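Asker: structure of the sequence below:
(chains A and B)
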Protein chains: 2
Amino acid sequence: MFKPEAHGLPPDFQLTKFSTLRGCGCKIPQDTLNKYLLGTEILTANTAAEKNAEHDDDYIGTGMDCAVIPLKKHPQLRLVQTVDFFYPLVNDPYTMGKIALANVVSDVYAVGVTDLDKLDIILSAPTEISEEERNIIMPLIAEGFRDAAQNAKVNPYIKNSVINPWCMIGGIASAVVKREEVIMPNNAKAGDHLVLTKPLGTQLATNAYLWMCDKTEKYEELLKYYSEKDIVVSFQMAVKSMTYLNRNAALLMHKYQAHAATDVTGFGLLGHAQNLAEFQRDNLRFVIEKLPIITNILGFAEKLNYTNAKLRSGKSVETSGGLLIAMPPQASAEYCKEFNAMTNGEQNAWIVGHVAECAVKEAVLGDNVELLEVILPVDC
Amino acid sequence: MFKPEAHGLPPDFQLTKFSTLRGCGCKIPQDTLNKYLLGTEILTANTAAEKNAEHDDDYIGTGMDCAVIPLKKHPQLRLVQTVDFFYPLVNDPYTMGKIALANVVSDVYAVGVTDLDKLDIILSAPTEISEEERNIIMPLIAEGFRDAAQNAKVNPYIKNSVINPWCMIGGIASAVVKREEVIMPNNAKAGDHLVLTKPLGTQLATNAYLWMCDKTEKYEELLKYYSEKDIVVSFQMAVKSMTYLNRNAALLMHKYQAHAATDVTGFGLLGHAQNLAEFQRDNLRFVIEKLPIITNILGFAEKLNYTNAKLRSGKSVETSGGLLIAMPPQASAEYCKEFNAMTNGEQNAWIVGHVAECAVKEAVLGDNVELLEVILPVDC
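Answerer: As a prediction, this is how the structure comes out:
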């Protein structure tokens, strides 16, 4: 539990107040971004390059989690790189730093790369808070980022930091690897199973906790059906999940010969499944049949009639979500078993769907989607 | 001349209104940044690594323009990378895109690397402007960035774009090169000459133009001594300079066996000279003896008593400034001559100082600093 006063901050200090958008909800949707770039030839140039290069497993430009670029002078090597930044969605600066790190490196893990060469932090200091507060918060964020980076076995370089009305945090992760070390996300096959390595529902879990801090109407409504402890427990599970690195998930992708993966963030499970489907060589349908959701969150959504439809259709916004992986059907159960064992039961992976033949490239919900309530072990 | 209405924007539209800090004036000073990181062990860890690695020409972490990192698995290769972003300082979105590109790639040029593998644009869309306006501005910025990138012979990948109250633009430039292709900025020698490849005064030149747009008191004061045309001419020279790529300056560094270089931006000529001095192997004094300043700007500063002292002491904030290069004294005149010829007289390089033996590492102004008024050819 974050205690602002323990750090010399006012007891009512809330990091999330310095931006009106939270977490991965801040991104301009890819469609809008494409619209900005239409007519500038940037989009068409990239798209053409992608269309040419996509099928020889050499190149990822925009659209997927990270870029994979053949080096001009070293064609057997790939620069794998991602940049990601967003706004605070929890009030504890240290935890925020850990989530930001997990979120940015996840893009690189999604192509099976687990060894980074360079990691930068991007921090912006809100203009509205006092210099004294800033001097407390910024080191806490940096410390969380740093501690999480050590788990990812890479030291961050701290370079850029700008003054900005909103608090912003993110990073850049870079690796140079051999071509064969990258699992290009375009190789899914009909019959593959889809595995997901973190539960859903992080956005509502963090929002409910912020409502509790502010004693809002939504919080009062929730209190008719749930206890404060329910809200705290779900929040702690979300934090546990968001700060967990997708590194083990990526390491096992190699062992179980995964065909393609993506990480689940702002566009939700179904949105990212759709992106992944569109990036495949083959025309395939990605079918989602199970939605593992953090405990209580489905109930919160139903009682408040808030993001209920989105949650149940796999479209809820996630921050630092799990990997969604297409892999041979004979590998999926063993993958999940070994993943769960590696985490000592602290995290879970589930088979959440399958890949089928199709005339087009699409992702859909199955006819009888199972809603699975997930309980992660937390201290409370 | 930027005409907002020609793009479907209101005639009084000003891109610079969507942030209160402008250009490279937005950076948190390195000292403050270090303060944030003290106690988190990030600073101490990096400093220790730098101290160990600095003198074997292998490693640049924080503090200099860009990072140069030996690749873990390919130790003969270096990842050269910079990230930079700032706020608009001109109202023309297309020009702003060009300046942003020139500014970000300049960090890589400063270590003599001219061939980039990857370039990303970072764009943030102001929340205050209408969607319609945003749909006009964002493609213009991207187009300017793209056009300038083509001159740098690299295609940008457009990935990240967030909603933010302020307009923010920048990029990430990455290259993987052999160790011997990097001119590590730590090899200056006593007796070296210092060469500068762009004039100073960009901040006041752009501010004066914005004051003219707004008909402010400062503008009315300037009109007592100068014409509107004087303000426009100086502004156009600043734009010409800020959009010019430091690529030729970097290419010639190899030919003339430069010993060390940095690019001049937010900390001003003397501030960056100080950074460069501190990064040297040897204890050296960098002495600045000449300040080439865009025409009229010294006069503006004197009449307004605004940044006058800063300008005359080499401390004025610059955006997308030139390279400051230490090179053998017998090479400097020939370097400037060839640089001026390569640009067909459109740009200039000057010998602005020298490097001397010293007990400590420092940068100072010489006793009789020459203030040189620079005129670049512009259409007006």
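
Asker: per-residue pLDDT, residue A:118?
Answerer: Listed pLDDT for residue A:118 reads 87.

Asker: and the gap between the closest residue to it other than its chain neighbours and residue B:329?
Answerer: Leaving aside its chain neighbours, residue A:118 sits nearest to residue A:174 (4.4 Å; criterion: Cβ to Cβ, 6 or more residues apart in numbering or on different chains). The C-beta positions use only the backbone N, C-alpha and C, and glycine is treated the same way. In this view, residue A:174 and residue B:329 are 38 Å apart by Cβ to Cβ, to the nearest Å.

Asker: other SSEs contacting the longest helix belonging to chain A?
Answerer: Using DSSP state H to define each element, chain A has its longest helix at helix A:131-151. Judged by 3 or more Cβ pairs under 8 Å, 6 or more residues apart in numbering or on different chains; DSSP states H and E, the packing partners of helix A:131-151 are helix A:93-109, strand A:118-126, strand A:156-164, strand A:168-178, helix B:30-37, helix B:42-53.

Asker: and residue A:174 and residue B:329? Which one has more around it.
Answerer: Taking other Cβ atoms under 10 Å in any protein chain shown, residue A:174 and residue B:329 do not tie; residue A:174 has more neighbours (27 against 13).

Asker: wait, what's in contact with the more buried one?
Answerer: Counting by Cβ atoms under 8 Å, 6 or more residues apart in numbering or on different chains, residue A:174 touches A:79-81, A:116-119, B:79, B:81, B:174.

Asker: how about a cut-off of 7 Å?
Answerer: A:79, A:81, A:116-118, B:79, B:81, B:174 (Cβ atoms under 7 Å, 6 or more residues apart in numbering or on different chains).

Asker: same check, this time on residue A:258
Answerer: Shown in contact with residue A:258 (Cβ under 7 Å, 6+ apart): A:183, A:325-327.

Asker: and residue A:212, how far from residue A:228?
Answerer: For residue A:212 relative to residue A:228 (Cβ to Cβ), the value is 7 Å.

Asker: residue A:215 - how many residues pack around it?
Answerer: When neighbours are defined as other Cβ under 10 Å, residue A:215 has 10 of them.

Asker: list the contacts of the closest residue to residue A:196 other than its chain neighbours.
Answerer: Using Cβ to Cβ, 6+ apart and skipping the chain neighbours, the partner closest in space to residue A:196 is residue A:352 (4.5 Å). For residue A:352, the contacting residues are A:194-196, A:288-290, A:292, by Cβ under 7 Å, 6+ apart.

Asker: now the buried members of the residues you listed.
Answerer: Among the contacts of residue A:352, those classed as buried by 16 or more other Cβ atoms under 10 Å in any protein chain shown are A:194-196, A:288, A:290, A:292.

Asker: in strands, which of those fall?
Answerer: A:194-196, A:288, A:290, A:292 (DSSP state E).

Asker: which one of those residues is nearest to chain B?
Answerer: Distances from chain B to these, taken as Cβ to the nearest Cβ, are shortest for residue A:196 (24.0 Å).

Asker: distance of the residue nearest to residue A:118 from residue B:96?
Answerer: Relative to residue B:96, and taking Cβ to Cβ, residue A:174 is found at 26 Å.

Asker: what does residue A:85 give?
Answerer: According to Cβ to Cβ, residue A:85 stands 20 Å off from residue B:96.

Asker: who has more neighbours out of those two?
Answerer: More neighbours surround residue B:96 than the other of residue A:85 and residue B:96, with 29 against 23 (other Cβ under 10 Å).

Asker: show me what contacts the more buried one?
Answerer: So residue B:96 contacts B:15, B:88, B:90, B:141, B:144, B:169 (Cβ under 7 Å, 6+ apart).

Asker: for those residues, give me JSON lines that also has pLDDT and distance to residue B:305.
Answerer: Compiled in JSON lines, the contacts of residue B:96 are given as follows (pLDDT from 0 to 100; distance: Cβ to Cβ, whole Å):
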{"residue": "B:15", "pLDDT": "75", "distance to residue B:305": "28"}
{"residue": "B:88", "pLDDT": "84", "distance to residue B:305": "26"}
{"residue": "B:90", "pLDDT": "88", "distance to residue B:305": "24"}
{"residue": "B:141", "pLDDT": "86", "distance to residue B:305": "34"}
{"residue": "B:144", "pLDDT": "89", "distance to residue B:305": "34"}
{"residue": "B:169", "pLDDT": "79", "distance to residue B:305": "32"}
